Structure formats: C-alpha cells, structure tokens
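K.L.:
Need coordinates for the below:
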Amino acid sequence: MRVAAVPEFAPVATDAARRINEARGCAAVEVRAWSAADLVGALGAGSADAPDVWIADSSMRLQEAAAVLGDRAPYPLTGASVAYTPLVVAAPEQVAVAQKWFERPPDWLTLLSRIDDRTLPRFTVSSPRTTEGLLGVVAVSAAMAQANADPTVAAMKTFAFRSNVTDAETPAAALLTRSTEVADQRQALDEIGAFVATEQALWSHGRARPEAVPYVPLYPSGTLVEADYPAVLSRAAAADKATAARANEVLEALRSPDGVKTVTAAGFRGPDRQPPASTRPGVRYAPPTHVAGPSGGGSDPSQVVRMVTAWAEYQPMPFRVLLLIDGSGSMNEPVAGRAGKTKADIMREAAVDTTLLLGRTTEVGIRHFSVSPTQKGPWVEQVPAGALDGKIGDSARRDVVVRTLTGFKAEKGAGTPLYRTVLDAVVDAQKSYAPGTFNQIFLLTDGKDEDTPFSMPRAQFLAELQKLQNPQKPLPIFAVGYGGNADMATLTEIAKTTGGLAVPSSDPADLIKAVAQILVHVRTAG
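P.N.:
The predicted model follows:
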C-alpha cells in the first residue's frame, strides 16, 4: 500500500503506518512525503504512477489536480478529511498588540491598508505550490470578491494586494527559521514582516523554538480558509477490493483514537476542530470557526486554478498616472436616487476605494480643471506626480492624494476647459515621460468642452491631439464619462487617437467600477 502525504502531515501518516505494519508483522504500508505540487507535476509529466492513497493539503488541491490533469486525473474531487488547520497571518506580537488585532482581528482589506501605510513594511504570501500559499491566494481572492460585488473591482483589489506582496516565493517555514536569527521584534518586522502560514506550522515553530522572537497567529475576519487534509484513494485502488480494503485500514488508523491523538499532538486540529494548546502566554489560538471560501464537493475545479494562475503569473507593472478631474459647476448637480448627494459627493466617497486599486509604487499626479472667477487658468495642479509610497514634505504621498480627492470641491458656475486641459496634460506628460513605465492619463469628466475662453472647435482639438502623438512615448488616455451628459463621442475619439479606452459611468455611484474596468484593461493589454 503506497501512501503519498504532504510533508507536514507525513510524520502523522508514518505513525499510522507503523502501527499497521507492527500489527501485520510486515511492511504492508509505505509512506512517502511528497509535496502536492510535485506529485501533480510528476503525474502530469507521466514520470510517476499514482500512489494508492494521497493525503493532500486541501480539497482545493484536489480541484487543482483535476483541472490540471483533466481526464488523466487519478483521484476524485473529494476525500475523507483526516486533520484540519486554518490559515493564519503570522505577525510579530508587538505589532498585533499595538494594532489591537487580538481584540478586533483585521480583515484582508485592513491588512492591505496596513501594508500600504508601512505598518507592515514587508508581507509575504508564498508560492501557491505551498500549503499556505494556495490557501493565501484563495483567501485574498475570496475576500475581495466578498467585499466587492463587481468582479472587476474585486480583481483590481486582488491585483493591488498582490502588488504589495514583498515576497511571493519564500515559504513560511523559511521565514520562521529566519525569525530565530533576528535580535528583536523591530528587526523581525523590518526584515521579515508578516506572512501567511498555517496554524500548525506556527504552533510547531513555537513549540520547538520558544526562545525565538514571538510571532502570533492572526485570523483575518470575514473570509477564513483552512487546510482540510483529504485522504483519497486512486480510482485504480478503489476498483480493486483488496487494495481498497488496505487503503481503508490506513484511513481507519488515522481516524482512530490513537490516530487523532497523533494528529493533535502534531498541532493539527482533529474532527472537533479544537485548537492546539498555546505554546506561550501571548499566543492565542482561535476557537472553532466557520470556514468560508472555495472547497471540495460541487464547486467548479477551474475556479481554484484561475485564482492560482492569475496570482502566479502576475507581473509587476510600474504605472505613472496623471489624473485629470473635472471641477466644473455641473459636478454639483444632485444624483437621482442618492438622497440629495451630488456627483462631487459621490466622487469624494469613492476616493479612498479608488486609491486601493493602485499599487503603492504607482506614480500619481492630480489636476483639477475648470474656469471660474477664482480660477482663471484651465487647470490647477493639486498633487505633483510621484510614487504613492513616497512623501510630499513630511506627509505620505498616499495621504495627500486621499485628502485631495476626499476634499474635492466643484465651483458653482465654473466652465469646462476639457480640450485645453487634455492637450496641456499630453505635452507635460511627454516632457516628464518615464521610460520603462506605463505612462497614461486618466480623464474624469461629466460634461463637454464649453463656457470658457479656452474652448475650441472639436475638429481643431482632435487634429492637435493627433499631432502630439509620439510612438516613442505612447501616452494612452483613459476617460470616464461621468453621468448622462458626458460627451462620450468625443471621449471615445480621444481614447481611439491615443490608444486608450473610454468608459461611460451613467450612474456616478458606479465610478469605482468604471475606474476598475480601465485598470483591468490596462493590465490585460500590458
């Protein structure tokens, strides 16, 4: 009887095999520690025969294997779980205490913002080939989908989270080992930071190295996932009565009182899902909790593969965005069905959410455009271009960007110098063009070029815009027509001329969806 078990569970399976072999007086059961990713790879390459029993790390891994191997998949989609351990975020104890995360566990969006503001200067979600990496990818993706009804917004927030991951390769085991080599929690935070891990891995580390810098488990609220260690018989083993009987003997050994005792002694949770005993006073393990997220059973196997593939194939894309925001008087018009809120109100409310769509290295500049008694020129620079994780004076640039967007005001009766603003933006952006970076202009307007000394005929504007195009410095303009009166025909021509995209947002409350649609288009095209 050949059993393959993921490395962290192999000692438990080996103990069960030992008991069976002693009772039989022969080596009836052989256990091999084999990572799930390596086993699936070997089966796909045809370099190995399927073991009779596979103890995988997660039912999601069974789905992944089914989608990758197709008709050649030797295992069913479901199996009998022989242990459990939830995904946790391992963080230095000092950070958890300072953020009061024991009293109020953070959700994944909170963790994203803490990465952005450098409360967590480093954050690791390791490769999906590891147990914690697979669970981490699924947890983040599921959390963003749960928090954002629009799949495009959820996708961009997942990309933003991925862009903030400092290290997407180092497994949790290596980071835990590294934590034994640092002098204090400050060094641990700066050089290792926080990372996803399984509860069992963190428990094992704490028991083996109680003197190390303390890392504590955080259980992100809202979306929790767990490794459920399903044991599955290969279809060939299940079809042979004698082999199936021996395989069931292995499963019975793992689920017996002695087997459960071995499971829990190794830091896993047994059938009752009770947490392991704490390894130090400051460590708190969560009680049994409902676990959400994709799992085995009837779910689509390709769902997990899509999540994992998008995460694994992610490539950092340096962005440089000049944001042009219409400050004309029409932005003060109320939006139907929004309790008297104006377009400007809606834009202010969407501001923080919009910045969460952008990675922290994104360079952002902001200009407001309008003409009024108090603003004679066509536009005013509100924020000079620079990386979101940089500073403006003593202030973090992201904070300045958020304050600028949330403090946006449109002046009553102000006109819309749309054409002049666009032409000036193209000229200036070309002067400061950053090679090797996705340079682009975002244009947000609710109207058309009118009521200012800078107005010009549409044909003249489009001709000048065409003359400014430089193939050596591509500068696509991505326009959001905000509300029903936006000049979508002209915005579409602007996008066509520059290689960008024009998106209507007839309901200003859907602004965040329109911005996310543009960003996904940029990333897909790139």
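K.L.:
going forward, measure contacts and count neighbours with C-alpha atoms only.
P.N.:
Noted.
K.L.:
contacting residues for the most centrally placed residue in the chain?
P.N.:
For the chain, the residue sitting closest to the mean C-alpha position, by C-alpha atoms, centre = their mean, is Thr158 at 3.2 Å. If a contact means C-alpha atoms under 8 Å, 6 or more residues apart in numbering, then Thr158 has Val140, Ser141, Met144 as its contacts.
K.L.:
Tell me how many other residues crowd the residue nearest to the last one when sequence neighbours are not counted.
P.N.:
When you say that, I think you mean Met144. Of all residues not flanking Met144 in the chain, Ala154 sits nearest, at 4.9 Å (C-alpha to C-alpha, 6 or more residues apart in numbering). Residues near Ala154, counting by other C-alpha atoms under 10 Å, number 23.
K.L.:
which SSE is Ala154 in?
P.N.:
helix 151-164 (DSSP states H and E).
K.L.:
now that helix: how far from the chain's centre is it?
P.N.:
5 Å (C-alpha atoms, centre = their mean, to the nearest Å).
K.L.:
Moving along the chain from it, name the first helix or strand you hit.
P.N.:
From helix 151-164, the next helix or strand downstream (DSSP H and E) is helix 172-179.
K.L.:
can you pull the buried residues of that next one?
P.N.:
Ala172, Leu175, Leu176, Ser179 (16 or more other C-alpha atoms under 10 Å).
K.L.:
For it, enumerate the helices and strands it packs against.
P.N.:
Helix 172-179 makes packing contacts with strand 194-198, helix 199-208 when contacts are defined by 3 or more C-alpha pairs under 8 Å, 6 or more residues apart in numbering; DSSP states H and E.
K.L.:
hey, which of these is tucked in deepest?
P.N.:
strand 194-198 (a mean of 27; mean count of other C-alpha atoms under 10 Å).
K.L.:
the inter-axis angle of that strand versus helix 199-208?
P.N.:
Strand 194-198 runs at 100 degrees relative to helix 199-208, counting by axes from the mean of the first three to the mean of the last three C-alpha atoms, to 10 degrees.
K.L.:
before we move on, back to that, dump the buried residues of helix 172-179 into TSV; add distance to Phe461 and pLDDT as well.
P.N.:
Shown next, in TSV, are these (distance: C-alpha to C-alpha, whole Å; pLDDT from 0 to 100):
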residue	distance to Phe461	pLDDT
Ala172	56	95
Leu175	57	95
Leu176	60	95
Ser179	60	94
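K.L.:
quick revisit: mind checking the pLDDT average for the helix holding Ala154?
P.N.:
Averaged across helix 151-164, the pLDDT comes to 81.
K.L.:
ok, now stretch 257-264?
P.N.:
Mean predicted confidence for stretch 257-264 is 96.
K.L.:
Only the buried residues of that stretch, if you could.
P.N.:
Gly259, Val260, Thr262, Val263, Thr264.
K.L.:
And stretch 505-522, by the same measure?
P.N.:
Buried residues in stretch 505-522 (16+ other C-alpha under 10 Å): 505-506, 508-520, 522.
K.L.:
So which of those belong to strands?
P.N.:
By the criterion of DSSP state E, membership of the buried residues of stretch 505-522 in strands covers Ser505.
K.L.:
I'd like to know which of the buried residues of stretch 505-522 is nearest to Cys26.
P.N.:
Of all those, Cys26 sits closest to Val520, with 59.2 Å by C-alpha to C-alpha.
K.L.:
The residue nearest to Met144 and Ile518: what is the separation?
P.N.:
13 Å (C-alpha to C-alpha, to the nearest Å).
K.L.:
Let me see the ranges of the strands in the stretch 1-150 of the chain.
P.N.:
Here the stretch 1-150 of the chain has its strands, by DSSP state E, counting those that start in this stretch, at 2-5, 30-33, 53-55, 80-81, 85-92, 123-124.
K.L.:
Now Ala73. Nearest residue, chain neighbours left out?
P.N.:
Using C-alpha to C-alpha, 6+ apart, the nearest residue to Ala73 is Ala66, at 5.4 Å.
K.L.:
what about that neighbour, how many neighbours?
P.N.:
21.
K.L.:
how close does it get to Pro271?
P.N.:
26 Å.
K.L.:
Quick one, grab the pLDDT at Ala197.
P.N.:
96.
K.L.:
count of residues packed around the residue nearest to it when sequence neighbours are not counted?
P.N.:
Excluding its sequence neighbours, the residue lying closest to Ala197 (C-alpha to C-alpha, 6+ apart) is Glu132, at 5.1 Å. Glu132 has 29 neighbours, counted by other C-alpha under 10 Å.
K.L.:
mind listing what Glu132 touches?
P.N.:
Taking C-alpha under 8 Å, 6+ apart, one finds Leu87, Val125, Ser126, Pro171, Ala172, Val196, Ala197, Thr198 in contact with Glu132.
K.L.:
Tell me the spacing between the third one and Leu358.
P.N.:
Read that as Ser126. In terms of C-alpha to C-alpha, Ser126 sits 21 Å off from Leu358.
K.L.:
go on, the last one?
P.N.:
Distance, Thr198 to Leu358, by C-alpha to C-alpha: 29 Å.
K.L.:
Apart from its neighbours in sequence, what residue is nearest Lys157?
P.N.:
Leu357 (5.1 Å).
K.L.:
these two touch, right, the one you found and Gln517?
P.N.:
No: look at Leu357 against Gln517 with C-alpha atoms under 8 Å: they stay out of range, at 10.8 Å.
K.L.:
Would you mind measuring from Val260 to Pro86?
P.N.:
For Val260, the distance to Pro86 - C-alpha to C-alpha - is 17 Å.
K.L.:
tell me the contacts of the closest residue to Glu333 other than its chain neighbours?
P.N.:
Counting by C-alpha to C-alpha, 6+ apart, Glu333 lies nearest to Thr342, which is 5.2 Å off, once chain neighbours are set aside. Thr342 is in contact with Met331, Asn332, Glu333, Pro334, Val335, counting by C-alpha under 8 Å, 6+ apart.
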